[in-house]
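Q: let me see the structure of the following:
(chains A and B)
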Amino acid sequence: DAGVIQSPRHEVTEMGQEVTLRCKPISGHDYLFWYRQTMMRGLELLIYFNNNVPIDDSGMPEDRFSAKMPNASFSTLKIQPSEPRDSAVYFCASSLMSYEQFFGPGTRLTVL
Amino acid sequence: AQTVTQSQPEMSVQEAETVTLSCTYDTSESDYYLFWYKQPPSRQMILVIRQEAYKQQNATENRFSVNFQKAAKSFSLKISDSQLGDAAMYFCAYRGGMGGADGLTFGKGTHLIIQP
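A: Residues are numbered from 1 along each chain as shown, chains lettered A, B, ... in the order given. Predicted structure coming up:
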């Protein structure tokens, strides 16, 4: 199995630009999670989906953030407009029911 | 809301020795799961060990074992025969909700240094 796939691995953009992060979960997994990791706040849950339906988006910091899961094999996290404080590593993870979550390699986002 | 606390920002141990990383959590749920994840400099999150709250027996995975004290809400990780490859950040994580299906709540992490 290829594991959770994220793209891009690194993204550098300028403040005000739109950023789209992509994730392909492990085939057959029914849960998908987006996390953000920063030095100040650590690892925090942004949003998660069950069977492509958003279940809890209470961790999404602002309306500038949005996430979609149009099908079982693809999800996006979009930031529009981006700000320097959005600089972080963004992880996607997937799981089958309540079993352990498998993480992707993460996307390191830098907003200048 | 659930919280996870790791009180040791950094720990150091000699190679081949044993080290214990501490974790406490706060929850009002009775059914949940606890995890330890390892994050090496590559930043990949790697599952080390998992514990179901309904199980009284402590989980073990080769050199890794936990001491799960449900009443005390404590979940420590013991690494035996430490190896250089164990050097990493270690995160304690909680997963609750209906059927344990919520997202993970993480502690701040413990940086483990292995002295050769």
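Q: and A:Pro84, what are its phi and psi?
A: Main-chain dihedrals, A:Pro84, degrees, to the nearest 10: phi -50, psi -30.
Q: so it makes contact with A:Leu112?
A: Yes. Counting by CB atoms under 8 Å, A:Pro84 touches A:Leu112, with 7.0 Å between them. C-beta coordinates here come from the backbone N, C-alpha and C atoms, glycine included.
Q: mind listing the shared neighbours of the two?
A: Counting by CB atoms under 8 Å, 6 or more residues apart in numbering or on different chains, the contacts common to A:Pro84 and A:Leu112 are A:Met15.
Q: what is the mean pLDDT for stretch B:98-114?
A: For stretch B:98-114, mean pLDDT rounds to 91.
Q: the closest residue to A:His29 other than its chain neighbours and A:Cys23: what is the separation?
A: Excluding its sequence neighbours, the residue lying closest to A:His29 (CB to CB, 6 or more residues apart in numbering or on different chains) is A:Ser94, at 3.9 Å. For A:Ser94, the distance to A:Cys23 equals 8 Å [CB to CB, to the nearest Å].
Q: which neighbours do those two share?
A: Contacts common to A:Ser94 and A:Cys23, judged by CB under 8 Å, 6+ apart, are A:Val4, A:Leu32.
Q: how about A:Gln80: what's its closest non-neighbour residue?
A: Once flanking residues are discounted, A:Gln80 sits nearest to A:Glu18: 4.2 Å by CB to CB, 6+ apart.
Q: quick check, B:Lys70 in contact with B:Ala53.
A: Yes. Between B:Lys70 and B:Ala53 there is a contact at 6.2 Å, judged by CB under 8 Å.
Q: neighbour count winner among those two?
A: Between B:Lys70 and B:Ala53, counted using other CB atoms under 10 Å in any protein chain shown, B:Ala53 has the larger neighbour count: 20 against 15.
Q: I figured the more buried one hits B:Ser30, correct?
A: Yes. Counting by CB under 8 Å, B:Ser30 is a contact partner of B:Ala53 at 7.2 Å.
Q: quick check: bridge partners of the residue nearest the centre of chain A?
A: A centroid search over chain A (CA atoms, centre = their mean) returns A:Trp34, at 3.5 Å, as the residue closest to the centre. Beta-bridge pairing for A:Trp34 (DSSP bridges): A:Ile47, A:Cys92.
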